[in-house]
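K.L.:
for reference, the sequence and a predicted model appear below.
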Amino acid sequence: MNLLSEIEQLGRDRGIDREILIETLEAAMKTAAKKVFGEQRDIEAQFNEDNGDIDIFLIVVVADDIENEFREITLEQAREYIDPNAEPGDELLFQIFYREEDIDKAREQDRRYGDLLHLESSRKTFGRIAAQTAKQVIIQRLREAERQNIYDEFKDRKNELITGIVRRFEKGSIIVDLGRADAILPGGEQTRRESYRPGDRIQGYVKDVVRSSRDAQIVLSRTDPGLVIKLFEQEVPEIYEGIVKVVAVAREAGVRSKVAVYSTDADVDPVGACVGMRGSRVQSVVQELRGEKIDIVPYHSDPARFVCNAISPAQVSKVFLDDANRAMELIVPDDQLSLAIGRGGQNVRLAARLTGWDLEILNETRLRQMMSESKQKLVMHEGVTESMIDTVFAVGYSKLEDISMSEPSELAALPGFSEEAAQALIEAADAVLLSDAEAAANDTESEGEIEALTEIRGVGEKLARTLHRAGYRGPLSLFYEDDPQRLKALTYLDFRKAQQLMASAAEWYDEAEFTDEQKAEHQNEAETFRAVMMSRLAESAGKTEADADAAAGSETAAAPAAADAAVTVAPEAAVEG
């Protein structure tokens, strides 16, 4: 059989190079020959272009000392049997005749060199095992060649669009038939709104092409922003030709995308080119993305204008920039706040991603409120006047942090400012910020004390806050209390509830397992605490009229003034009780 025609036909059918097929056959025949004649022999296979067959050769080396009798012969044997001029180190080739039509040649070879080579090739044929081995080698090499061909074909198509047919589903991934190869659309690259069935057409973005031990894996994506760019390139000739450029894409796949574009030609409107006549172009993209909303934003080299465009459809009234931190503060009308933020913060999140700036959005009412609060705090400091504050607010220093971080020379350049006034205002802003930070720390400490009170049986969050406001800062302070009447009067609880709380505090103390030394310290602290609470009760009595019979357990123990003061806490205590 002439293999040449078979090789050429196979190469055309599978798209495999002729040289690769020849190398595959040579490797297969070499492996099969070693199975027949011995793995320890040095055997080579070579394709014969003249007759289209594979020739097999045994290689032996002339050596002074024999270490491997299957690969070496002595100098005397070489000169006696083969070449009188042989020298050590020479390589000698003996063709192995394995085909049936060469049986006579094999017998002649065994007669001449049988004692030397021990091949007995005339009595050996390629049996079933050798043939199966050759077949496995051929199949493996052909698969490797096909994998390489697929990789070479698709490696240059990375970041492009490709269309295929859905074939099957594997562990959440979709296997897509591309014709000569299969691609995979992983679950993480699929949008939640899309669903497919076998046989459906699918268009994907080639995210990666990976060589693996099994197949050249083509990874597709339906969530990558590059998919939006490529779809617009298909639909908008101006983008394909380079007249309109896509600067950036921010995408929440399946929900909404923002696309920033600009034109290199002043006569071409980039947004209009992408939208198309009556929205035909953008609608084609939306349909391919299964209804995903698309905002087309005109790019501008001025960051503030670009951000204002990106936050559309909301209107922005003021912009404050922080170039050092790439942050912007956007002030919008009250009726535009929800529009600027978007559902779940989607609009501002996409705008920040599109522009690369950190964005903070405030409505005008909130800004005025913040300025008013800051103004009230600042004017209390020496050297700071309302006109100074109004001036810095007018030029964009809308927050205390902005004033604190500014340089005196910056503020001194403003109308009506001197170096001393600028320094006084900055120091005042620092002091206010420090005071606010300390207040926040105290609030955090108070929350910790309130949470600790809930460790006592029968104390929930609302009751814990009532106790905290009355001066009981933690479980220990409630344990220190030895007068249920005083607890009742300070918290507006009924007498029985006060007794129950004191009993629960005693249980908590017993379970806490304090040391004797700690208990001794607690006794001293308890005396001091009770004195403080007696003083607090006396102050409260000076403002309210208490019922003289409250110690007997009466539930009519609140004077009108006390009831008015407890409007916000009485319902909490009642519910908790």
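P.N.:
The structure has been received and is ready for your questions.
K.L.:
find the nearest non-adjacent residue to I16, please.
P.N.:
Distances taken as Cβ to Cβ, 6 or more residues apart in numbering put A145 closest to I16, at 4.8 Å, once the chain neighbours are dropped. Using the backbone N, CA and C atoms, a C-beta is placed for each residue, glycine as well.
K.L.:
assumed that neighbour was part of a helix.
P.N.:
Yes: applying DSSP: H, G, I helix; E, B strand; the rest coil, one finds A145 inside a helix.
K.L.:
sec struct for K35, please.
P.N.:
helix.
K.L.:
pLDDT wise, what is it at?
P.N.:
pLDDT recorded at K35 is 77.
K.L.:
any idea how far A106 is from it?
P.N.:
17 Å (Cβ to Cβ, to the nearest Å).
K.L.:
now do the same contact list for the residue nearest to I16.
P.N.:
A145 is in contact with 14, 16-17, 20-21, 24, counting by Cβ atoms under 8 Å, 6 or more residues apart in numbering.
K.L.:
which of those count as buried?
P.N.:
16, 20-21, 24 (16 or more other Cβ atoms under 10 Å).
K.L.:
if we can go back for a sec, who has more neighbours out of K35 and A106?
P.N.:
A106 (21 against 17; other Cβ atoms under 10 Å).
K.L.:
so where is the protein shaky, pLDDT-wise?
P.N.:
For the chain, the stretches with pLDDT under 70 are 1-15, 120-131, 133-135, 138, 212-216, 442-443, 540-577.
K.L.:
with adjacent residues omitted, what lies nearest to the spatially most central residue of it?
P.N.:
Nearest to the geometric centre of the chain sits G188, at 11.0 Å (Cα atoms, centre = their mean). Using Cβ to Cβ, 6+ apart and skipping residues adjacent in sequence, the residue nearest G188 is T223, 7.7 Å away.
K.L.:
can you report how many residues lie near that neighbour?
P.N.:
Count around T223 with other Cβ under 10 Å applied: 20.
K.L.:
make 256 the first number, not 1, from now on.
P.N.:
Sounds good: first residue 256 from here, last item T478.
K.L.:
I'd like to know how far it sits from V562.
P.N.:
T478 sits at a distance of 25 Å from V562 (criterion: Cβ to Cβ).
K.L.:
ok, F487 next?
P.N.:
With Cβ to Cβ as the criterion, F487 and V562 are 22 Å apart.
K.L.:
ok, the residue lying closest to G531 once chain neighbours are set aside - contacts?
P.N.:
Counting by Cβ to Cβ, 6+ apart, G531 lies nearest to V537, which is 6.3 Å off, once chain neighbours are set aside. For V537, the contact set (Cβ under 8 Å, 6+ apart) comprises 490, 529-531, 549, 551.
K.L.:
strands - which of these land there?
P.N.:
549, 551 (DSSP state E).
K.L.:
would you turn the contacts of V537 into CSV with distance to R623 and neighbour count?
P.N.:
Below are the contacts of V537 laid out as CSV (distance: Cβ to Cβ, whole Å; neighbours: other Cβ atoms under 10 Å):
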residue, distance to R623, neighbour count
E490, 46, 18
C529, 39, 22
V530, 38, 17
G531, 43, 15
I549, 36, 20
I551, 34, 22
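K.L.:
between the contacts of V537, which is nearest E408?
P.N.:
E490 (26.2 Å; Cβ to Cβ).
K.L.:
the closest one contacts Q538, doesn't it?
P.N.:
No: in this structure, E490 is not within contact of Q538 by Cβ atoms under 8 Å, at 9.2 Å.
K.L.:
can you work out which residues contact both of the two?
P.N.:
G531.
K.L.:
what are the phi and psi angles of Y554?
P.N.:
Note on Y554: backbone dihedrals following degrees, to the nearest 10 are phi -80, psi 150.
K.L.:
now the helices for the stretch 456-605 of the chain?
P.N.:
Using DSSP state H, counting those that start in this stretch, the helices found in the stretch 456-605 of the chain span residues 480-490, 492-495, 525-530, 535-543, 558-565, 592-596, 601-610.
K.L.:
ok, and for the following helix or strand past the last one, which residues are buried?
P.N.:
Later in the chain than helix 601-610, the nearest helix or strand by DSSP states H and E is strand 613-618. By neighbour count, and taking 16+ other Cβ under 10 Å as the criterion, the buried residues in strand 613-618 are 614, 616-618.
K.L.:
cool, stretch 764-771 as well?
P.N.:
Y764.
K.L.:
again with stretch 302-320
P.N.:
302, 308-313, 315-318.
K.L.:
assign Y652 to helix, strand or coil.
P.N.:
Secondary structure, three-state DSSP: Y652 is coil.
K.L.:
mind listing what the spatially closest residue to it that is not a sequence neighbour touches?
P.N.:
Closest residue to Y652 apart from its sequence neighbours, by Cβ to Cβ, 6+ apart: I658 at 5.1 Å. By Cβ under 8 Å, 6+ apart, I658 lies in contact with 647, 652, 666, 680-681, 684.
K.L.:
so which of those comes closest to A521?
P.N.:
Within these, the smallest distance to A521 is 37.9 Å, found for Y652 (Cβ to Cβ).
K.L.:
ok, V650 - contacts?
P.N.:
Applying Cβ under 8 Å, 6+ apart, the residues contacting V650 are L669.
K.L.:
and it, how far from S572?
P.N.:
16 Å.
K.L.:
what's the longest helix along the chain packed up against?
P.N.:
Counting residues, the longest helix found in the chain (DSSP state H) is helix 674-708. Packed against helix 674-708, as judged by 3 or more Cβ pairs under 8 Å, 6 or more residues apart in numbering; DSSP states H and E, are the following elements: helix 619-633, helix 641-649, helix 655-660, helix 663-667, helix 716-724, helix 730-735.
K.L.:
how about it: buried residues?
P.N.:
Within helix 674-708, the residues scored as buried using 16+ other Cβ under 10 Å are 676-677, 679-684, 686-688, 704-705, 707-708.
K.L.:
by how many degrees do that helix and helix 619-633 diverge?
P.N.:
On the basis of axes from the mean of the first three to the mean of the last three Cα atoms, to 10 degrees, helix 674-708 is oriented at 100 degrees to helix 619-633.
K.L.:
now helix 674-708 against helix 641-649, angle please.
P.N.:
If you take the same axes, to 10 degrees, helix 674-708 sits at 80 degrees to helix 641-649.
K.L.:
run the chain-centre distance for helix 674-708.
P.N.:
Mean-position distance between helix 674-708 and its chain equals 36 Å (Cα atoms, centre = their mean, to the nearest Å).
K.L.:
ditto for stretch 666-677
P.N.:
Offset of stretch 666-677 from its chain centre (Cα atoms, centre = their mean): 47 Å.
K.L.:
with stretch 642-653 instead?
P.N.:
Distance, centroid of stretch 642-653 to centroid of chain: 41 Å (Cα atoms, centre = their mean).
K.L.:
pull the CA atoms of it into PDB?
P.N.:
Below are the C-alpha coordinates for stretch 642-653, written out as PDB (Å, rounded to 0.1, in the frame of the first residue of the first chain):
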ATOM      1  CA  SER A 642     -18.200  86.200  56.700                       C
ATOM      2  CA  MET A 643     -15.000  84.200  56.700                       C
ATOM      3  CA  ILE A 644     -17.000  81.000  56.700                       C
ATOM      4  CA  ASP A 645     -19.300  82.200  54.000                       C
ATOM      5  CA  THR A 646     -16.300  83.100  51.800                       C
ATOM      6  CA  VAL A 647     -14.700  79.600  52.000                       C
ATOM      7  CA  PHE A 648     -18.000  77.900  51.500                       C
ATOM      8  CA  ALA A 649     -18.600  80.000  48.400                       C
ATOM      9  CA  VAL A 650     -15.300  79.000  46.800                       C
ATOM     10  CA  GLY A 651     -15.900  75.200  47.300                       C
ATOM     11  CA  TYR A 652     -14.600  74.400  50.900                       C
ATOM     12  CA  SER A 653     -17.900  72.800  51.800                       C
END
